[in-house]
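>>> sequence first, predicted model second:
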Amino acid sequence: MTQPGTERRYDIDWLRTLAFAVLILYHLGMYYVADWGWHIKSEQTSVWLQNLMMLTSPWRMSLLFFISAMALALAQRRGGGSANSLHLARLRSRRLLVPLLFGMFVIVVPQVYFEALSQDLIEPGYFRFWAQYINPRTDLLTGHHTPIGLLTWNHLWFLPYLWLYSLLLLLLSGPLQRLAQGGGLQRLPPLVVIAAVVLALMLVWLFLRARFPSTHALLDDWYNHGRYFLVFVFGYLFALQPRWWQFVIDRRRVFLCLGVACYLLILAERNGAFPNLEADLEAHLGTRLIVGTLVALNHWAWIFCVVGLAGRYLNRPSPVLRYSNPAILPWYILHQTLIIVFAWWLKPFVLPIGLEALVLLVLTVAGCIGGYAVIQRVNILRWLCGMSVGGGRETAQRPVLAH
């Protein structure tokens, strides 16, 4: 068997595509799930949907950071040298920050508009609202202002986080490369390495989760930074250690069983199986250590499970990948706005929840495909959405979130 890391890794491309598919389903679920706030909500909500969404909720974004870091490490190794690091830094800056700004000023606007409209905070009139939205000194909806007024990145928060982590890792790439190539790290048993990252994530959970609730605001989001940057750094090192990668592939079923066991325990807790747990968390360090370990195990078990399954079954080229690789970032930019716009449009029809969800999914997927078909044919839209401009086939197939 070819060692992981010695050839092009199609499994990373597959993981990126499948993770985006999960993201669409997750955000679609946010429209219908009961008791979880979102931009707009269906009048038909479901409590049981929480249980299903908790399968991926704790680790789905971590998986994206993990595979992005793996792809960055492999791209840097293929190029080699500090000049390649500078090239990758410029490339990631252009392909992440330009779409972020375009998304904030154009794509995200309907999300904010329909959210405010659904709460009767504004009068109908999209372009009037947009003019106020892009004005950092607007006096509209002052209770919802950030330091830049109503401007927000909403679901695009992943882009500035990925940009920041990429630059930090590229700055640290020299020491990290030496660490990855050093005999000490290479001689460590993979099980010891996995235990170390589980322990590290448990400590992040223990010391940061309660003090820094998730905000996705970049500057004050220390719990998310603690776990996502940890995942990002380890993903980088993981990609450079074929032995670790092969260990995860060989033990994919073990990680699957561990993930399922952790998920069932989490479901049991959420459904009242441990009624005194919250009080015990406040009172006992031992309980916090146990819960933190469960959270960290669940997180890493699922990441290693899907990476192992992809490495075993999906490390091969496909026409689907040739189409989806350059489409992922435009789809990511578009999908949540499409869900919200189509959900608002479907509301007056009062369809049964199952039928409405199916129609909403079909419309969102069709909107992503149609939107990408337009974007890839218009150079200014390609540039605004992080795609290469004027490149040939090889450039067009290069996934932006990998390089």
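Nice, I can see it. Quick caveat: nothing in here was measured; it's all calculated off a predicted structure.
>>> tell me which element the most centrally placed residue in the chain is part of?
Closest to where the C-alpha atoms of the chain average out (C-alpha atoms, centre = their mean) is residue 61, at 3.2 Å. Under the criterion of DSSP states H and E, residue 61 resides in helix 60-79.
>>> so for that helix, mean pLDDT?
Average pLDDT, helix 60-79: 91.
>>> next, the buried residues of that helix.
By neighbour count, with 16 or more other C-beta atoms under 10 Å as the criterion, the buried positions of helix 60-79 are 60-76. Every C-beta, even on glycine, is put in place using the N, C-alpha and C of the backbone.
>>> helices and strands around it, which ones?
Contact here means 3 or more C-beta pairs under 8 Å, 6 or more residues apart in numbering; DSSP states H and E; on that basis helix 60-79 packs against helix 10-32, helix 81-102, helix 158-171, helix 222-239, helix 285-313.
>>> got the angle for the longest one vs helix 222-239?
Calculated by axes from the mean of the first three to the mean of the last three C-alpha atoms, to 10 degrees, helix 285-313 forms an angle of 40 degrees with helix 222-239.
>>> quick check: next helix or strand after helix 285-313?
Taking DSSP H and E as the definition, the helix or strand that follows helix 285-313 towards the C-terminus is helix 319-324.
>>> between the very next helix or strand once past that following helix and helix 81-102, how many degrees?
Beyond helix 319-324 on the C-terminal side, the first helix or strand identified by DSSP H and E is helix 328-346. For the pair helix 328-346 and helix 81-102, the angle between their directions (the same axes, to 10 degrees) equals 10 degrees.
>>> who are the contact partners of residue 202?
Residue 202 makes contact with 289, 292, 293, 295, 296 under the criterion C-beta atoms under 8 Å, 6 or more residues apart in numbering.
>>> tell me the pLDDT of residue 367.
Per-residue pLDDT puts residue 367 at 98.
>>> so what's it closest to, chain neighbours aside?
residue 338 (4.1 Å; C-beta to C-beta, 6 or more residues apart in numbering).
>>> on that earlier part again, quick one: buried ones out of the contacts of residue 202?
292, 293, 295, 296.
>>> now the residues you listed as JSON lines including distance to residue 390 and pLDDT?
Conversion of the buried ones among the contacts of residue 202 to JSON lines gives the following (distance: C-beta to C-beta, whole Å; pLDDT from 0 to 100):
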{"residue": "292", "distance to residue 390": "50", "pLDDT": "97"}
{"residue": "293", "distance to residue 390": "51", "pLDDT": "97"}
{"residue": "295", "distance to residue 390": "47", "pLDDT": "97"}
{"residue": "296", "distance to residue 390": "46", "pLDDT": "98"}
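>>> could you verify my assumption that the residue nearest to the centre of the chain touches residue 158?
Yes - Residue 61 lies in contact with residue 158 (C-beta atoms under 8 Å); the separation is 6.8 Å.
>>> if we can go back for a sec, closest to residue 358 out of the helices and strands packed on helix 60-79?
Each of those was scored for nearness to residue 358 using C-beta to C-beta, and the closest is helix 10-32 (10.1 Å).
>>> my read: residue 77 touches residue 240, true?
Yes - taking C-beta under 8 Å as the contact criterion, residue 77 and residue 240 are neighbours in contact, 7.0 Å apart.
>>> mutual contacts of those two, please.
With C-beta under 8 Å, 6+ apart, residue 77 and residue 240 have no common neighbours.
>>> tell me how far stretch 370-384 lies from the chain's centre.
Shown here is stretch 370-384, whose average C-alpha point lies 22 Å from the average C-alpha point of the whole chain (C-alpha atoms, centre = their mean, to the nearest Å).
>>> with stretch 233-244 instead?
For stretch 233-244, the gap between its own C-alpha mean and the chain's C-alpha mean amounts to 19 Å (C-alpha atoms, centre = their mean).
>>> residues contacting residue 70?
With contact taken as C-beta under 8 Å, 6+ apart, residue 70 is in contact with 9, 12, 235, 236, 238, 239.
>>> mind putting those into JSON lines with neighbour count and pLDDT?
What follows is the contacts of residue 70, written out as JSON lines (neighbours: other C-beta atoms under 10 Å; pLDDT from 0 to 100):
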{"residue": "9", "neighbour count": "22", "pLDDT": "88"}
{"residue": "12", "neighbour count": "23", "pLDDT": "95"}
{"residue": "235", "neighbour count": "25", "pLDDT": "97"}
{"residue": "236", "neighbour count": "27", "pLDDT": "96"}
{"residue": "238", "neighbour count": "27", "pLDDT": "96"}
{"residue": "239", "neighbour count": "26", "pLDDT": "95"}
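>>> so which two of the residues you listed are the farthest from each other?
Across these, the longest distance by C-beta to C-beta is 13.8 Å; it joins 9 and 236.
>>> of all the helices and strands packed on helix 60-79, which lies closest to residue 365?
For the helices and strands packed on helix 60-79, proximity to residue 365 was assessed by C-beta to C-beta; helix 10-32 is nearest, at 7.2 Å.
>>> buried residues, the closest one. List them.
If you call a residue buried by 16+ other C-beta under 10 Å, then helix 10-32 has these buried ones: 10-17, 19-20, 23-32.
>>> swap in stretch 123-137?
For stretch 123-137, using 16+ other C-beta under 10 Å, the buried residues are 129, 130, 132, 133, 134.
>>> same question, stretch 104-113
Of the residues in stretch 104-113, those buried by neighbour count under the rule 16+ other C-beta under 10 Å are 104, 107, 108, 109, 110, 111, 112, 113.
>>> also stretch 282-298?
287, 288, 291, 292, 293, 294, 295, 296, 297, 298.
>>> any chance of the residues you listed in TSV with distance to residue 188 as columns?
Output for the buried residues of stretch 282-298, formatted as TSV (distance: C-beta to C-beta, whole Å):
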residue	distance to residue 188
287	31
288	28
291	27
292	23
293	21
294	24
295	24
296	19
297	19
298	23
